[in-house]
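Chemist: Have a look; sequence and predicted model below, questions after that.
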Amino acid sequence: MNNSSKPIIEHIPLFLNYCKEIGLSEKTFENYKRFLNKFILWLKKEYRLYLSSYKDNKKQSLKPITQNYYLIALRALLSYFSAKDVLSLPSDKITLLGGLKTEKTVKFLNLEQVEKLLLAPNLII
């Protein structure tokens, strides 16, 4: 095993290039890039705590399912490190938040709501 002495931050662009090489979708690539940029900001904090307390410009917290997406990107990065013989935490040490509803549910209007919608005045002038 040929261990790298480069800091983890220097490996992230290489990982992102690797993601393109293996044919990850553009959306997944963009998500990984965004998620790992937050990881870089973290580095001196505990990552889960950082994710759970993070607030965006609108003072909105990350939903637990979104926190899992960040952790998935981190696991992919650590798997890449393992494949490239970069000494790091094993990817299986990153566990996702459990008990989350991963399927989106479709909500329908009830009969009363449909009737109100149909009886609403047409306000288009």
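Modeler: Here it is on my side, so go on. Fair warning: this is a prediction, and the values are worked out from it, not measured in the lab.

Chemist: drop to CA atoms for contacts and neighbour counts, all remaining ones
Modeler: Will do.

Chemist: ok, Leu41 to Leu49 distance?
Modeler: Leu41 is 13 Å from Leu49, where distance means C-alpha to C-alpha, to the nearest Å.

Chemist: same question but for Lys6, I mixed them up
Modeler: Applying C-alpha to C-alpha, the value for Lys6 to Leu49 is 26 Å.

Chemist: swap in Leu87?
Modeler: Leu87 is 24 Å from Leu49, by C-alpha to C-alpha.

Chemist: Three-state assignment for Val114, please.
Modeler: Here Val114 takes the helix state, with states given by DSSP: H, G, I helix; E, B strand; the rest coil.

Chemist: in this structure, which segments are predicted with low confidence?
Modeler: 1-3, 44-45, 101-104, 125 (pLDDT under 70).

Chemist: could you list every residue that touches Ala73?
Modeler: Residues in contact with Ala73 (C-alpha atoms under 8 Å, 6 or more residues apart in numbering) are 32, 35-36.

Chemist: Looks to me like it is in a helix.
Modeler: Yes: Ala73 forms part of a helix when assessed by three-state DSSP.

Chemist: re earlier: could you check which of Leu87 and Leu49 has the larger neighbour count?
Modeler: Under the criterion of other C-alpha atoms under 10 Å, the comparison of Leu87 against Leu49 puts Leu87 first, with 16 against 10.

Chemist: doesn't the more buried one fall inside a strand?
Modeler: No: remark: Leu87 does not belong to a strand; assigned using three-state DSSP, it is coil.

Chemist: was I right about it contacting Phe81?
Modeler: Yes: here Leu87 reaches Phe81: they are 7.0 Å apart, a contact under C-alpha atoms under 8 Å.

Chemist: Which stretches in this protein count as helices?
Modeler: With helices called from DSSP state H, the chain shows them at 8-21, 26-42, 47-53, 64-83, 111-119.

Chemist: got the contact list for the shortest one?
Modeler: Residues from elsewhere that reach helix 47-53, judged by C-alpha under 8 Å, 6+ apart: 39, 42, 61-62, 64, 67.
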